[in-house]
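Colleague: What would the 3D arrangement of this be:
(chains A, B and C)
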Amino acid sequence: MEIVVCVKPVPESETRLRAASDGMSFDPEGVKFVLAGYDESAVEQALLLKEAVPGSKVHAVAFGPPPRTEEVLRAAIALGCDLATWVEGPAEPSPDPMTAARALARALGPVPHDLVLCGKQAGDDESGLVAAALGELLDIVDFGFVVDLRWDAARSCLTFRRGTEAGEEHWEAPLPAVIGLQQAWNDPRTAKLPAILKSRRAPIAKVPWTPFPPDVGRSVPEKFELPAPRTGARLIEYKTPLEAAEKLVRILREEAKVFP
Amino acid sequence: MPDFSLTPEQESLRDLARKFARTEMAPHAAECDRAGRFPEEIYRKAFDLGLMNLNVPAEYGGSGLNVVDQCLIVEELAYGCAGMTTSVIANCLALEPILLGATAEQKQRVLPPFCAEYQFASFCLTEPSSGSDAGNLRTRARRDGDHYVLDGEKCFITNAPHASLYTVFASVDPSARHKGISAFMVPRATEGVTPGKDEEKMGHRASSTSTVRFEGARVPAANRLGAEGEGFSLAMRTLDMTRTPIGALAVGIAQAALDHAASYSLKRVTFGKPISEHQAIQIKLANMVQAIHAARLLTWHAAWTIDHGERGTLESSIAKCFASDAALHVADEAIQTFGGYGYMKEYPVEKLLRDAKLTQIYEGANEIQRTVIARELLRSYE
Amino acid sequence: MTPRVLVVGELAGGHLSGASLEALGSALSLAGAASGVVGFLAGSGARAASARVAPAVVRAATDAGADTILVGGTTFGRDLIGRLAARWNAAAAAGVTELRAEGGGVRVRRPVFGGRATETRRLEGPRRVLALRPHAFPLPPEAPVEVRVSPVAVEETTAALRSAKRTAVSAVSSGSGPGLTDATIVVSGGRGLRSPENFRLIEELAQSLGAAVGASRAVTDAGWRPTSLQVGQTGKAVSPQLYVAVGISGAIQHLVGMVSSRVIVAINSDPSAPIFKVADYGIVGDLFEVVPALTAEVRRVRGL
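Modeller: Have a look, this model is predicted:
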């Protein structure tokens, strides 16, 4: 099985975010970029399928600027991906996910792909658009919010579940397919030290990218705002638990207006 | 001048060690400390990730890291638990004499099978009557045909109860004093080799320490490292290599102590404000972070000096001595910052003081470090 | 120029879903008048795969002269807009909490970084597709309008689409009330509950409020409750109207999952717990006394 996994560099989750001086996006200065959390699951899933289906290969692809995009691809290689392709994108801190999807689709054209895996959404932008967009652009079926993805070798199809508002759906689908993965069936593995050292020397294919023409829609960041800092909880004073309960319910009804 | 920034590779190595220390080691540190438990399952994970045998070249199955990279990893591991770190890096200490003194044939015979499996090795120099005065060791190695017969007792040997390989320093000719010492690779399975019972220690309690008794243990001459009489020099050159990472270990302990103390100071309120706003605490924290920064930079500089081909005895002794003294002081001040809570085992800081103490004693007691520093210093004035 | 909007609606229990109604309301204010809005109703089969529906939606939008497509941000909607935007060469935004037509385009606001920040983006180009964050928009006013209904054929365009099969749908596991990510109110419990048996205090309070039950990672790691209830960085991100955190200290990994809730109440015995920094209201006390009292008071007020 030729497995492609799309990955994205995002700020580490503990990052203290600041607006850039132009106020349009967050300030990338001093920010550490890592493999997005859901992408770690997608890479793990790709590697689990590679182990389950002999002869499979995993190809990591990413769209973005240096150096963070290359670093994230090296992290994917250190985890066990066989190949990596980097579509060099602009250095904007808040890129348009549709632009990324279009750039990746173009790069994937010549790359063999039976299964394209994406993480459900990136920890920064959280749009979750890329999987479905890739499905359309590559003209293959896509499924999002997938868990428990398995390969049924006897019937040559993928089986998986999707959590929706209506309930949990069980699916079978043939390849090729694009999957937006919510969770792998294992915790993501940790790259080992020798693999980390080896990944530094691994070749990464570089694909150039030029901006799309103006009639192709795109979203452009205009403002990045941090919320007014919460000043801390208003502590409810009480003498008995009943008094605390009564006061809180009254506040929720009359002041906060969130009582059902 | 060296560039103080880390390469992306170094950041990846440090992140690997940091993640392992905080997610695998730290959650079990208190329990292992309390029980004196040697956590095999954690050491096994460290081995699987490539965190043991850091100094062994990749061609022999190790990670082949230089001293700077080792220091980056060791500091992060020690932040998680100093005792576990001691056991993890003890392999480096035990294998260094082989790296420095073995023939290509010996290295090829011993190192790849050793590094391929999860197992421990122990460096056996110290004896009940010779620690700092290593040249006066009494374990005898008597030549008998193409074997040596070892008799004697080593003590305070890290990982001894668990090791499958011992690097042993024994005297072939006591009258030649330190020039009579030779080094040997001794498999655990050798008849007459008996590790003792795990000692009950003040700190580093997740690490295992015991005596090793040699009674008529027959070791092939092919297991001798270097020429007869070269053993003492091999031991000293080994310690030159391993001293700096011990400094990094001390820095890790100190950093953990500082982090605990600083976060606590922001939360604990006395006299109407967080104690971080009281000058007494601010001065403590300032002194702590100064000591840590200095210790870290001294270890990095010593490591860089060694990686650039110098012996670095002066630099590594300064680093180890300063960093271990700093760790003890910082841990002490951390407990003081916590006040009564710092004295309670439920809080993590008292362990750090007990762990820091050992760093002043092992791998060359700080008194010896100071005489070495003085000697190296004065040499430049002659 | 005012946008001409196509709204994709989906059914839930035989009615237009709440998220679809919100999208409709937004469409009406964006287009300025009902005449500027065209509805596309996706039947129950359409939920199965957005890939089946997307070509028909695009065709309908183009035929209706629409330049904007809105959909509620359910799993169906969020799957759909990626397909739509790619097929229609449109700009796209998901999780939108505010939108306004400006100049030739549309400006949106949406939470990012797990709700720790908000960004404003301009959707440029002649066409745009948006998925709206559920519960962020008001429902449209009741104003009956003449509607002309035309059925639309949906073709299966590829062999793969034809042979993908949904083999079963199992109901959301009972006992958890509304789904965690959609719930208007969430009551979450943490390590402070001390044992899995005590977690029933959380469940009882949730039930009294008609709320979903959530849990901190400590609780799910310890196996007290399934990981599907975990709120946090590696669990679910929720932004209900009301989030009640009981016995949860407020480590950053948990906060990332709930800090964008509109109102946060914390109940914890430790006054220095970080949760009190992000909460709007707090009760410092013994949860084993406060929570049962709260459950009883809620029941009394709600007449349960």
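Colleague: Run the contact check for stretch A:88-104 versus chain C.
Modeller: Yes - for stretch A:88-104, a contact with chain C is found by CB under 8 Å from any CB of the partner chain, at A:94, A:96-98, A:101-102. C-betas here are computed from N, CA, C, even on glycine.
Colleague: Tell me which of the residues you listed has the lowest pLDDT.
Modeller: The lowest pLDDT within the residues of stretch A:88-104 next to chain C belongs to residue A:94, with 85.
Colleague: Quick check, it in contact with residue A:220.
Modeller: No - using CB atoms under 8 Å, residue A:94 is not in contact with residue A:220, being 9.0 Å away.
Colleague: coming back round to it: need the residues of stretch A:88-104 next to chain C in CSV with distance to residue B:265, can you?
Modeller: Converted to CSV, the residues of stretch A:88-104 next to chain C look like this (distance: CB to CB, whole Å):
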residue, distance to residue B:265
A:94, 36
A:96, 44
A:97, 43
A:98, 48
A:101, 48
A:102, 51
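Colleague: Specify which member of those residues is nearest to chain C.
Modeller: Nearest to chain C out of those is residue A:98 (CB to the nearest CB; 5.0 Å).
Colleague: how close does the residue most central in space within chain C get to residue C:23?
Modeller: By CA atoms, centre = their mean, the mean C-alpha position of chain C lies nearest to residue C:134, the distance being 4.0 Å. From residue C:134 over to residue C:23 the distance is 9 Å, taken as CB to CB, to the nearest Å.
Colleague: before we move on, back to that, from the residues of stretch A:88-104 next to chain C, which single one is nearest chain B?
Modeller: residue A:94 (23.3 Å).
Colleague: Phi, psi for that closest one please.
Modeller: phi -120, psi 70 (degrees, to the nearest 10).
Colleague: State the distance from it to residue A:8.
Modeller: 12 Å.
Colleague: Residue B:212 now?
Modeller: 53 Å.
Colleague: before we move on, back to that, quick one, which of residue A:94 and residue A:8 is more surrounded?
Modeller: residue A:8 (27 against 20; other CB atoms under 10 Å in any protein chain shown).
Colleague: wait, the more buried one sits on residue A:103?
Modeller: No - checked against CB under 8 Å, the pair residue A:8 and residue A:103 is beyond contact range at 11.8 Å.
Colleague: which residues do these two both contact?
Modeller: residue A:63 (CB atoms under 8 Å, 6 or more residues apart in numbering or on different chains).
Colleague: Not counting its neighbours along the chain, what's nearest the residue of the stretch 151-300 of chain B found nearest chain C?
Modeller: In the stretch 151-300 of chain B, the residue that lies nearest chain C is residue B:267 (4.6 Å; CB to the nearest CB). Closest residue in space to residue B:267, ignoring its immediate chain neighbours: residue C:272 at 4.6 Å, by CB to CB, 6 or more residues apart in numbering or on different chains.
Colleague: Quick one: residues contacting the one you found.
Modeller: For residue C:272, counting by CB under 8 Å, 6+ apart, the contacting residues are B:267-269.
Colleague: who in chain A is up against chain B?
Modeller: When proximity is defined as CB under 8 Å from any CB, chain A approaches chain B at A:67, A:71, A:74-75, A:78, A:190-197, A:200.
Colleague: among the residues you listed, which are in helices?
Modeller: The members of these that map onto helices under DSSP state H are A:71, A:74-75, A:78, A:193-197.
Colleague: quick one: which of the residues you listed is nearest chain C?
Modeller: Nearest to chain C among those, with distances taken as CB to the nearest CB, is residue A:75, at 17.7 Å.
Colleague: What residues does the residue nearest to that closest one when sequence neighbours are not counted make contact with?
Modeller: Of all residues beyond its chain neighbours, the one nearest residue A:75 is residue A:35 (5.0 Å), with distances taken as CB to CB, 6+ apart. Neighbour list for residue A:35: A:7-10, A:43, A:72, A:75-76 [criterion: CB under 8 Å, 6+ apart].
Colleague: try it again with 6 Å
Modeller: A:7, A:72, A:75 (CB atoms under 6 Å, 6 or more residues apart in numbering or on different chains).
Colleague: okay, those residues in CSV with pLDDT next?
Modeller: Shown next, in CSV, are those (pLDDT from 0 to 100):
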residue, pLDDT
A:7, 96
A:72, 96
A:75, 97
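Colleague: With residue A:133 as the reference, measure out to whichever residue of the stretch 1-150 of chain C sits closest to chain A.
Modeller: At 2.8 Å from chain A, residue C:82 is the closest residue in the stretch 1-150 of chain C, using CB to the nearest CB. Distance of residue C:82 to residue A:133, computed by CB to CB: 4 Å.
Colleague: okay, the two: which has more neighbours?
Modeller: residue C:82 (34 against 28).
Colleague: Please report phi then psi for that one.
Modeller: The phi/psi pair for residue C:82 (degrees, to the nearest 10) is phi -60, psi -50.
Colleague: That one is in contact with residue A:129, isn't it?
Modeller: Yes - contact criterion CB atoms under 6 Å: residue C:82 and residue A:129 qualify, at 4.1 Å.
Colleague: Residue B:139 is in contact with residue B:152, correct?
Modeller: Yes - between residue B:152 and residue B:139 there is a contact at 2.7 Å, judged by CB under 6 Å.
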